[in-house]
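**Q** Sequence and predicted model, in that order:
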Amino acid sequence: MRLPAVALLLAGLVCAASAQTTSTGTKWDYIGKYGPLNWGKLDPAWKACSVGKEQSPVDIRNAKLNKALQPIEFHYLTGPVEMVNTGHTIQVNVAPGSYIVYEGVRYDLQQFHFHHPSDEAVKGKLSDMVVHLVHKSSDGKIAVVAVRLIENRGEPNTLLSTLWPSMPKAVGQTAKVSDLVNPGGFLPGDRGYWTYTGSLTAPPCTEGVKWLIFQQQMPVSREQIRVFSAIYPVNSRELQDPHGRTIEASE
Ligand SMILES: [Zn+2]
């Protein structure tokens with residue numbers, strides 16, 4: 001008789017832990033009444049989630065080739081990182097100093113985090129996972145570099161092999177990674193990308209975000225997916241209406 005009671009209690013705890021609050025104190029989640037369809041109603045500051053016309057993610061199709069698009073310049077440093085289980089994803093905070101330059105603007109790398117499956121689709125197809133590298137300029141503009149990860153013949157992702165053993169399993173838990181990390185390890189050899197203007201894919205769904213999505217996917221092993229999805233089975237937002245926005249391709 002005792003075992004089922006314990007199991008029920010544990011299930012209750014897991015459910016309570018899955019819908020986490022933000023720094024503003026508002027609870028949100030990826031399913032149920034705190035899920036994406038209701039984000040815009042949960043907090044007045046999150047209105048863009050429901051009424052915004054530049055929301056992300058979008059399905060990437062019919063991209064317009066623009067040969068004038070510049071390469072993204074990466075200036076990533078090797079340094080210490082800290083992993084945080086935010087209640088919505090595993091976020092990796094980096095030491096200051098890493099940045100990109102895009103269209104003449106410097107954007108400093110703040111953190112990177114993961115979604116399973118990918119938020120963004122290409123011609124209707126999601127990837128197994130995606131890493132979002134979030135950058136901010138000195139005047140507050142946000143640029144997110146997205147690297148889609150695909151399970152392919154069991155090949156592991158080298159950088160995830162360094163990070164995953166330290167993954168904090170409990171919500172709110174943080175963990176230092178013993179090895180130094182260079183986020184450049186996520187970047188594909190082929191630097192062709194798609195770009196469009198969108199939003200954060202989680203509350204507050206802030207718009208005016210420059211999205212830079214690599215066309216080439218990087219590997220992730222089934223085991224690496226399993227480790228993440230054991231904590232976050234689904235942490236991606238459904239595709240949003242592009243409302244006539246143009247997606248450009250660098251090549
Ligand atoms: Zn993200």
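**A** Here it is on my side, so go on. Since the model is a prediction, treat every value here as computed from it, not as a measurement. Numbering: from 1, shown residues only.
**Q** Helix, strand, or coil at Lys41?
**A** helix (DSSP: H, G, I helix; E, B strand; the rest coil).
**Q** how about it, what does it touch?
**A** Ser50 (CB atoms under 8 Å, 6 or more residues apart in numbering). (Glycine included, C-beta is placed from N, CA and C.)
**Q** Would you check how far apart it and Gly87 are?
**A** 20 Å (CB to CB, to the nearest Å).
**Q** from the middle of its chain, how far away would the longest strand that the chain contains be?
**A** Ranked by residue count and defined by DSSP state E, the top strand of the chain is strand 105-115. Chain-centre distance of strand 105-115: 10 Å, with CA atoms, centre = their mean, to the nearest Å.
**Q** mind listing what's buried in that strand?
**A** 107-109, 111-115 (16 or more other CB atoms under 10 Å).
**Q** And those residues, which is closest to Tyr196?
**A** Tyr107 (16.2 Å; CB to CB).
**Q** so the nearest residue to Trp39 once chain neighbours are set aside is in which element?
**A** Nearest residue to Trp39 in three dimensions, chain neighbours excluded: Cys49, at 3.9 Å (CB to CB, 6 or more residues apart in numbering). Assessed by DSSP states H and E, Cys49 sits inside helix 48-51.
**Q** just checking, what packs against that helix?
**A** helix 39-42 (3 or more CB pairs under 8 Å, 6 or more residues apart in numbering; DSSP states H and E).
**Q** Regarding Lys169, what is its secondary structure?
**A** coil.
**Q** Report the contact partners of the nearest residue to it once chain neighbours are set aside.
**A** Of all residues not flanking Lys169 in the chain, Ile231 sits nearest, at 6.2 Å (CB to CB, 6+ apart). Going by CB under 8 Å, 6+ apart, Ile231 touches 85, 90, 167, 169.
**Q** What does the first one show for phi and psi?
**A** Summarising the backbone geometry of Asn85 under the convention degrees, to the nearest 10, its torsions are phi -90, psi 100.
**Q** That one reaches Ser166, doesn't it?
**A** No - using CB atoms under 8 Å as the test, Asn85 is too far from Ser166 to be in contact (11.0 Å).
**Q** What's the end-to-end length of stretch 217-228?
**A** With CA to CA, to the nearest Å as the measure, the ends of stretch 217-228 fall 18 Å from one another.
**Q** Check stretch 117-137 too.
**A** Stretch 117-137: ends 28 Å apart by CA to CA.
**Q** Show me how far it is from its chain's centre.
**A** 6 Å.
**Q** tell me which residues of that stretch are tucked away?
**A** Burial within stretch 117-137, assessed by neighbour count using 16+ other CB under 10 Å, is assigned to 117-122, 126-135, 137.
**Q** Among the residues you listed, which ones are in strands?
**A** Reading strands off the buried residues of stretch 117-137 with DSSP E, I get 121-122, 126, 129-135.
**Q** Can you get me a residue count around the closest residue to Val220 other than its chain neighbours?
**A** Nearest residue to Val220 in three dimensions, chain neighbours excluded: Leu149, at 3.8 Å (CB to CB, 6+ apart). When neighbours are defined as other CB atoms under 10 Å, Leu149 has 26 of them.
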